[in-house]
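In: have a look at this prediction, sequence included:
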Amino acid sequence: MTTVSPMPQKINLLGFDKKAMQDFFVGIGEKAFRADQVLKWIHFNGVQDFHAMTNLSKDLRQKLAEIAEISLPQIIYEKAAADGTYKWLLRLNDGNCIETVFIPEKTRGTLCISSQVGCILNCDFCSTGKQGFNRNLSTAEIISQLWIAVRKLSKADGMHDHTVTNVVMMGMGEPLLNFDNVIPALHLMLDDFAYGLSKRRVTVSTAGVVPAIYQLREVTDVALAVSLHAPNDELRNQIVPLNKKYPLDELMTACREYFKNDSRRSITMEYVMLAGVNDTPEHARQLIRLLNGVRAKMNLIPFNPFPHTHYQRSDADTINHFRDMLMKAGLNTTVRRTRGDDIDAACGQLVGQVKDRTRRNERYLRSINKKVIGENP
Ligand code: SAH
């Protein structure tokens, strides 16, 4: 009886940044400059077929087709909201699903992408957290969201300019708990041969993983957003449990360090407005004291409700009064316009479909406890 050996798995080049791509080509006996050519084909031109990469020799194209692939998640559905926001549900190879949202505005188009399947942090006001956690996304899965959006939007017609000018890592998951896969994806976003986005237009948003904020500073200078949400530890412990591990004084020190010696950096502080919870004048006063000496812009986010939440959105007068108090104290403050809430595409409403969350949750928590969080938050 003859046994058929299984086909070796092809290497997915989608998630390779320039360095990884150069290493790959050198590893197969080719020149490193092939990296730029292939990055451009994949990300700039959106080509998935190696045979179409006409500036490579026929032999190299054939070789690549045998050993490599450009593999993307499957689009399960695409929804458009009344205000022009798009949401895609993408199915990954293992059956998990993630969500990606595009928000068109007059002068820019922002893509909100996910970094994990679900989220481990369990912030009380966030619907992603309530779904549990399954796993980190690979670099290919992270960048595939941008690849797909760029292709899809170039075909769409509508009242807005459908160009992705900004990327925010504010979808499902905590990007700084998936550091190793997020960083190459950021490189691809900024690479002129891939997406060529300006570093000020790429934002990593974190609930406050303090050691990773220090690390991030060393490897990239993209914009940073911190999900603050409360001006004191007692309240923040309740609504952002990660605060028990990294309390506000440590977080604020990390934020001050983030822009130390670099006047071009600034941090956006996100603050979800929860009626009667964190939105009183006293909270505003505490916030002003807390942010003394931190070069931060404040972004107030009206709470987006989801099923079974006990929170409510602060009313417009309360939000405006809160904003005015911060502005008077010299804090540059904006109120985020809620977009796409009719298709559950607004902040904190992204849920995807998370498989097998409990078992993996426990396993992941154990490993992450050792690495970054310390205790179960
Ligand atoms: N884990 C990262 C990124 C994902 S959340 C972080 O915490 O920053 C992206 C932003 O949406 C965060 O500021 C988050 O706090 C906010 N958010 C979550 N749920 C929300 C909700 N229901 N309404 C409004 N904003 C919400």
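Out: Alright, I've got the coordinates.

In: wait, doesn't Ile11 sit right on Ile67?
Out: Yes: using Cβ atoms under 8 Å, Ile11 makes contact with Ile67 at a distance of 6.3 Å. For every residue, glycine as well, the C-beta is placed using N, CA and C.

In: and the residue of the stretch 1-150 of the chain found nearest the ligand, how many neighbours does it have?
Out: Closest contact between the stretch 1-150 of the chain and the ligand, by Cβ to the nearest ligand atom, is at Cys126 (3.4 Å). Using other Cβ atoms under 10 Å, Cys126 is surrounded by 27 other residues.

In: the stretch 1-150 of the chain against the ligand: which residues are in contact?
Out: Proximity of the stretch 1-150 of the chain to the ligand, by Cβ under 6 Å from any ligand atom, involves residues 123, 125-126.

In: switch to 5 Å and redo it
Out: Neighbours of the ligand within the stretch 1-150 of the chain, by Cβ under 5 Å from any ligand atom: Cys126.

In: contacts only, for the residue nearest to Ile239 when sequence neighbours are not counted.
Out: Closest residue in space to Ile239, ignoring its immediate chain neighbours: Asp124 at 4.8 Å, by Cβ to Cβ, 6 or more residues apart in numbering. Listed by Cβ atoms under 8 Å, 6 or more residues apart in numbering, the contact set of Asp124 reads 238-241, 311.

In: does Asp124 belong to a helix, a strand or coil?
Out: coil (DSSP: H, G, I helix; E, B strand; the rest coil).

In: what score does it have for pLDDT?
Out: If you check Asp124, the pLDDT there is 93.

In: over to the one 10 residues further on?
Out: Residue-level confidence at Asn134 comes out at 90, pLDDT.

In: same check, this time on Val182
Out: What the model reports for Val182 is a pLDDT of 98.

In: right, and Met298 touches Gly330 too?
Out: No: applying Cβ under 8 Å, one finds Met298 not in contact with Gly330, separated by 10.8 Å.

In: mind checking which of the two has more residues around it?
Out: The residue with more neighbours, out of Met298 and Gly330, is Met298; 22 against 10, by other Cβ under 10 Å.

In: that one: which element?
Out: Assigned by DSSP states H and E, Met298 belongs to strand 296-302.

In: quick check: buried residues in the helix or strand following that strand?
Out: Next along the chain after strand 296-302, taking DSSP H and E as the criterion, comes helix 316-328. Burial within helix 316-328, assessed by neighbour count using 16 or more other Cβ atoms under 10 Å, is assigned to 318-319, 321-323, 325-326.
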